[in-house]
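# Show me how the following folds:
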Amino acid sequence: MIVAVNLRVKMEEEEDQLVNSPRRIISLNQEASEVQGTKPCEVYGFVGSISIVVATVIFLIWAYVPDKFLESIGIYYYPSKYWAMAMPMYLMVTVFLALVFYIGLNFMSTSTTTSLNTLFDEYSREDVDFLSLMKNGDDRPIDPISDIDITRINDLMFDLNLVK
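Residues are numbered from 1 along each chain as shown. Predicted coordinates for the structure are as follows:
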């Protein structure tokens, strides 16, 4: 009986220690926030998806149902059927012109292929020769991150004298 009471006291002490640990407090806070309710982004996504479905159904009814039927059910004011074709076309042309403008802007801001700006910028680092700085018996360190010189790349890729 005494052993069981001591065991229960030890278990309660361990639970108190778990609650006081920062990791346990964070997990308790996360559990509490999940119980409070839905997140705003979930609500906005649900309302947005329902709104798009309703708007699409209304648009399709307006575009395909004859005017006489709409007037017979009491709908007298609605836009002209011309806009059922014009608005999607205007939207597609706008998206197409925006893409063309974006691609053209990128071409205008890109340097020419003969410009040195395609090889070097403010973040370029030249290779440092550590072998001359090392003392005898030192381990060779890992070279720092640097750009490989274009002449070295050309020599490795296109110099036929190196390949034997």
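
# residue ranges with poor pLDDT in this structure?
1-36, 128-135, 137-138, 140, 160-164 (pLDDT under 70).

# one more time with 90
1-40, 67, 70, 75-81, 110-164 (pLDDT under 90).

# residue boundaries of the helices in it?
2-20, 22-36, 40-64, 67-72, 82-109, 150-158 (DSSP state H).

# Can you give the contact residues for stretch 108-126?
Outside stretch 108-126, the residues within contact range by CB atoms under 8 Å, 6 or more residues apart in numbering are 144-147, 149-150. C-beta: built from backbone N, CA, C; applies to glycine.

# for that stretch, how far is the first residue from the last?
29 Å (CA to CA, to the nearest Å).

# number of nearby residues for Val54?
Look at Val54: counted by other CB atoms under 10 Å, it has 10 neighbours.

# got it, and Tyr102?
10.

# Next: Val65.
13.

# Could you pull up phi and psi at it?
phi -80, psi 140 (degrees, to the nearest 10).

# For it, give its distance to Tyr77.
Distance, Val65 to Tyr77, using CB to CB, to the nearest Å: 15 Å.

# got it, and Leu70?
On the measure of CB to CB, Leu70 and Tyr77 end up 10 Å apart.

# Who has more neighbours out of the two?
Neighbour count, other CB under 10 Å: between Leu70 and Tyr77, Leu70 has more, with 15 against 5.

# Pro79 is in contact with the more buried one, correct?
No. Applying CB atoms under 8 Å as the test, Leu70 and Pro79 come out as separate, 11.5 Å apart.

# Overlap in contacts, those two.
With CB under 8 Å, 6+ apart as the test, Leu70 and Pro79 both reach Trp62.

# Which residue, other than its chain neighbours, is closest to Trp62?
Tyr78 (5.9 Å; CB to CB, 6 or more residues apart in numbering).

# What about that neighbour, how many residues nearby?
Neighbour tally, Tyr78, other CB under 10 Å: 14.

# and what of Thr151?
So Thr151, with other CB under 10 Å, has 8 neighbours.

# and Phe158, how far is that from Thr151?
Going from Phe158 to Thr151 by CB to CB gives 11 Å.

# er, Ala84 I mean
Distance, Ala84 to Thr151, using CB to CB: 63 Å.

# and what of Ala55?
Taking CB to CB, one finds Ala55 at 61 Å from Thr151.

# Likewise for Asp139?
Taking CB to CB, one finds Asp139 at 30 Å from Thr151.

# quick one on the thing from earlier: can you tell me which of the contacts of stretch 108-126 is nearest Gly45?
Nearest to Gly45 among the contacts of stretch 108-126, counting by CB to CB, is Ile145 at 41.7 Å.
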